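J.: Fold the following for me, if possible:
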Amino acid sequence: MGAIYDINKADEKKLDAYEEFPKVYVKKYFKIFGKKVMFYYMSSKTKQTEPSRRYLSSIIQGYKDCGYKDSHVLVSRARRIKAR
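T.: Sure thing, here's the model as predicted:
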């Protein structure tokens with residue numbers, strides 16, 4: 001599940017900071033239908049931990065914004081983390 005957004009270089013720099021690139025995430029590019037697409041993935045050097053409440057909330061909101069029907073599954077997961 002994902003979404004593709006059209007962003008400018010300034011937004012990409014902000015997203016890099018938000019995703020803690022290159023400390024936590026690695027950024028890669030590829031082409032699809034002639035368009036350059038960027039994505040992040042977690043570095044193998046990064047210690048696996050539970051996402052923060054803020055980060056998880058932003059992911060849930062993104063799924064909702066994209067019309068993902070099963071966002072309740074993500075909300076349930078968020079509630080379990082918040083309860084800790």
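
J.: Find the centremost residue of this structure, please.
T.: Centrality entry for the chain: nearest residue to the mean C-alpha point is residue 59, 6.2 Å, by Cα atoms, centre = their mean.

J.: Could you check how far the most far-flung residue of the chain relative to its centre is from residue 9?
T.: The C-alpha centroid of the chain is most remote from residue 34, which lies 23.3 Å away (Cα atoms, centre = their mean). Using Cβ to Cβ, to the nearest Å, we find residue 34 at a distance of 19 Å from residue 9. Backbone N, C-alpha and C define where each C-beta goes, glycine included.

J.: same thing with residue 26?
T.: Distance from residue 26 to residue 9, by Cβ to Cβ: 19 Å.

J.: What does the pLDDT read for the spatially closest residue to residue 12 that is not a sequence neighbour?
T.: Spatial nearest neighbour of residue 12, chain neighbours left out: residue 38 (7.0 Å); criterion: Cβ to Cβ, 6 or more residues apart in numbering. What the model reports as pLDDT for residue 38 is 95.

J.: Could you list the paired strands of the helix or strand hosting residue 38 along with their orientation?
T.: Counting by DSSP states H and E, the element that carries residue 38 is strand 35-42. Note on strand 35-42: by DSSP bridges, its sheet partners are strand 25-32 (antiparallel).

J.: Identify each buried residue in the strand it pairs with, please.
T.: For strand 25-32, the neighbour count (16 or more other Cβ atoms under 10 Å) marks 25-26 as buried.

J.: Residue 61 and residue 21, how far apart?
T.: Distance of residue 61 to residue 21, given as Cβ to Cβ: 21 Å.
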